[in-house]
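Novice: Take this sequence and fold it.
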Amino acid sequence: MEQEQVKKTICMWCHNHCEVDVHVKDGRLIGVEADMSRRGREDLARVVKSCPRVIHATEWFHNPDRLNYPLKRAGERGEGKWQQISWEQALDEIAEKLREIKGKYGAEAIASSSGTGRTHDEYRTRFFSLLGSPNNIGQGHICFGPSQAVSSVVFGGNWYGSGRKSKCIIIWGANPSQAARRPWLTFLESKEAGAKLIVIDPRRTAPAERADIWLQIKPGTDCALAMAMINTIITEGLYDKEFVDKWCYGFDKLTERAKEYSPEKVAEITWIPADKIREVARMYATERPGVIYHLMGMEQLPNSIEALHARYILPVITGNLDVRGGEPIRRRHPVILNGYDVELTHLMPPEQKAKQIGTDKFKLLSFPGYDLIMENTKKVGLTYMRAHSCFAHAPSVYEAMITGKPYPVKAMITMSSNPMITQANTKHVYKALKSLDLYVVMDFWMTSSAEIADYVLPAASWLERPAMFTFDDASPVVEVGEAALPHQIEGQYDRRRDYDLWRGLGIRLGQEEYWPWETLENAFDYRLEPLGYTLEEFIREKGGLDYPPLGEKMYEKTGFGTPTGKVELYSTILEKLGYDPLPRYEEPVESPANTEMAKEYPLILITGCRHLPFYHSEHRDIEALRKMHPDPLAQINPGTASELGISDGDWVWIETPRGRVRQKCQYFDGIDPRVVSAQHGWWFPELPGEEPWLHGVWESNINVVTSDKPEHCNKISGGWPLRTTMCKVYKVKKY
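Specialist: Next up, the predicted model:
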């Protein structure tokens, strides 16, 4: 019998990236606990001990429904008939089909999709850069991509303010108590130390209940609110005049634009009283240093880029940029190779980049914007953007699969994602995937999307692969972990890392010279080489972490990574791309202001909020977690529900012009009577996988009713709206 082993790695079940000790005995996972030897912070232990996903990690890993071997479709697509094959056969056949499609239609006819970036996605980008396809898609248009792009055009860098040492914290459109537990605990510590807490959210979340001020904003009006705060800060002289005079470009033009957003005017737009808008603006401007923490609430709006532009102006004009307790600018690690360095986007021919679908309409988060941004940020070394921020426009790629316009898209590889659940307008996605000549899925489970694939490949989890990250907490940190468990055991399973898929296909398609590292461990050895370590040595001798000193106000030496070398309140990059260089609020296409639509669909639907114990569409397969949260919930104000004849716990239909799904009503007086909040990510693995069921994809999946039409998307980025859909709700009488 083997002795128990302890492996040091990084949990990847959310974006907290908690350092953990994984206990293994006789080849079996025993348990996971916080690794206090690395950071030694008590909040890490509190997060790991309370995380339901970690508590039930053994059930997840040893679940009999995990995918174990490659599968090839043996019947009609969606029929549920599969043949087990070897990895060599799978890679040979997939590579040959990709070669045929590229030869007939061009590399651009091959697309890929991924999830929320918790695999080593830089190697997917490497493969497609070498292949010559610019059509990687995913959630980048609505998940961190907008923040990366907008912060980069404003001051040439990304933010990640921790809230530590802050005197004022604004949590804007986020619920870290559910979505990001480590930052949330830091915010609580800062509040206990005297920091002011402001929460801006349509719902009374746990952070809102702890807040000094809670602004219950009308969904989708964040840009107007931010501009009213800017108006107040400028008109009352609360801005940092010295910094603005020396380091800001376009302050005079911003001042003129802000005059259009008086608190009184914005009060009518946002449902927030004018005096409350002024109070929040004054508190944030005077209680320094301050930090604004936002997640997806602001990124998933039709006015997202404009809202983020205004949001990033706030720390700039109040002296909260790149100071301790404020919002530091993320810098590259000074030595090792980071994700951008291995993506090789510079090797993709310009004529192929120009074929990226959606570039003609939505330029910021595609190659035109990406290349402009990188041209400036690289020269000062302040930060880096990942190709995560230059995705093709997903809805337009799915449309090309269906229509062949602007050209045919015939193949797609989906990595650790479930687009039938996580992508807006599910009916559109379904039609697109069914039209492909080749659809490949690599995942942990037989998902709704996998059921309609040609090949399904078993993915190794974070427990079965090493990890490397080159950023965290805005520091130029390198953080690594070892594989805790084998990804191959003869006679039991043969799962592979995503790196193995891309390298295996790359070698078969003539990319041999660019894949010299046989394993992911070897690839990480190469990236750590400038520090003088292998992966194994780095974990043993450095504890898996390296923190070079992080200085403040580095811009005084380098300037900012923008065309003017200053913070661009008035963005010359947006102007060059043909967009408004200043923030401007516009009412969504679907809005109560559209009186004809409001007659039929009187309520505003918000969705996309993360909720424990799940992470987006993941973990519905785990019995213990499903017992904790068995049903999809729609939060409805009790007054609204009563008027509609709906009782607490009733199943209700949520209907929009695109269709309807059913969820269970949860009375919630912390939501405005005009708003409904529905959970996302719902599918039912226990239901049949073959068509038409596809594990219940049409039952409660809120993306059946969301929109991805270009006219509903953000006009700069193409991001699709998840927080402003108009809907109606009524009781399920018979089903």
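Novice: Pull out the buried residues from stretch 3-18.
Specialist: Residues of stretch 3-18 classed as buried by neighbour count (16 or more other CB atoms under 10 Å): 7-18. For every residue, glycine as well, the C-beta is placed using N, CA and C.
Novice: got it, and stretch 334-348?
Specialist: For stretch 334-348, by 16+ other CB under 10 Å, it's 336-340, 342-345, 348.
Novice: Look up which helix or strand Ser129 falls in, please.
Specialist: In the assignment (DSSP states H and E), Ser129 maps to helix 122-131.
Novice: ok so Trp682 is a helix residue?
Specialist: No. Counting by DSSP: H, G, I helix; E, B strand; the rest coil, Trp682 falls outside a helix, being coil.
Novice: Report how many residues lie close to it.
Specialist: Trp682 is flanked by 22 other residues according to other CB atoms under 10 Å.
Novice: distance of it from Asn703?
Specialist: Distance of Trp682 to Asn703, given as CB to CB, to the nearest Å: 9 Å.
Novice: what does Ala74 give?
Specialist: 29 Å.
Novice: between the two, who's got more neighbours?
Specialist: Asn703 (29 against 11).
Novice: Got the phi and psi for that one?
Specialist: Dihedral pair for Asn703: phi -70, psi -10, per degrees, to the nearest 10.
Novice: tell me the contacts of the residue nearest to Met12 when sequence neighbours are not counted?
Specialist: Distances taken as CB to CB, 6 or more residues apart in numbering place Trp462 nearest to Met12, at 3.5 Å, with adjacent residues excluded. Taking CB atoms under 8 Å, 6 or more residues apart in numbering, we find Trp462 in contact with 9-13, 118.
Novice: Let's have these in a markdown table, adding distance to Arg99.
Specialist: Below are the contacts of Trp462 laid out as a markdown table (distance: CB to CB, whole Å):
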| residue | distance to Arg99 |
| --- | --- |
| Thr9 | 36 |
| Ile10 | 36 |
| Cys11 | 38 |
| Met12 | 32 |
| Trp13 | 36 |
| Arg118 | 30 |
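Novice: Check whether Met726 sits in a helix, strand or coil.
Specialist: strand.
Novice: That one and Leu605 touch, don't they?
Specialist: Yes. Taking contacts as CB atoms under 8 Å, Met726 lies within contact range of Leu605: 7.0 Å.
Novice: Comparing the two, which shows the higher neighbour count?
Specialist: Taking other CB under 10 Å, Met726 and Leu605 do not tie; Leu605 has more neighbours (26 against 21).
Novice: Check which residues of the helix or strand containing Met597 are buried.
Specialist: Secondary structure assignment for Met597, by DSSP H and E: helix 595-600. Going by neighbour count (16+ other CB under 10 Å), the buried part of helix 595-600 is 597-598.
Novice: And for stretch 557-569?
Specialist: Those would be 559-563, 565-569, for stretch 557-569 by 16+ other CB under 10 Å.
Novice: So which of those residues are in strands?
Specialist: Among the buried residues of stretch 557-569, the members found in strands (DSSP state E) are 567-568.
Novice: that older thread, tell me which other helices or strands the helix holding Met597 touches.
Specialist: strand 725-731 (3 or more CB pairs under 8 Å, 6 or more residues apart in numbering; DSSP states H and E).
Novice: Relative to the whole chain's centre, how far out is the strand it packs on?
Specialist: Centroid separation between strand 725-731 and its chain, computed with CA atoms, centre = their mean, to the nearest Å, is 26 Å.
Novice: Pull it out as CSV, backbone CA atoms only.
Specialist: Extracted in CSV, the C-alpha atoms of strand 725-731 (Å, rounded to 0.1, in the frame of the first residue of the first chain):
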residue,chain,number,x,y,z
THR,A,725,-33.7,41.5,-22.3
MET,A,726,-37.4,42.3,-22.2
CYS,A,727,-39.6,39.4,-21.1
LYS,A,728,-42.9,38.3,-19.6
VAL,A,729,-43.4,35.7,-16.9
TYR,A,730,-46.4,33.5,-16.2
LYS,A,731,-47.2,30.4,-14.3
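Novice: That strand pairs with which strands, and in what direction?
Specialist: If you go by DSSP bridges, strand 725-731 pairs up with strand 603-606 (antiparallel), strand 651-656 (antiparallel).
Novice: just to revisit the earlier point, overlap of the contact sets of Trp682 and Asn703?
Specialist: Ile421.
Novice: any idea how far Lys276 lies from Gln663?
Specialist: From Lys276 to Gln663 the distance is 32 Å (CB to CB).
Novice: Could you check which of those two is surrounded by more residues?
Specialist: Taking neighbours as other CB under 10 Å, Lys276 and Gln663 compare with Gln663 leading, 25 against 16.
Novice: And what about that one, helix, strand or coil?
Specialist: Gln663 - assigned by three-state DSSP - is strand.
Novice: same question, Ala400
Specialist: helix.
Novice: Skipping its backbone neighbours, what lies nearest it in space?
Specialist: Per CB to CB, 6+ apart, closest to Ala400 is Val409, 4.5 Å.
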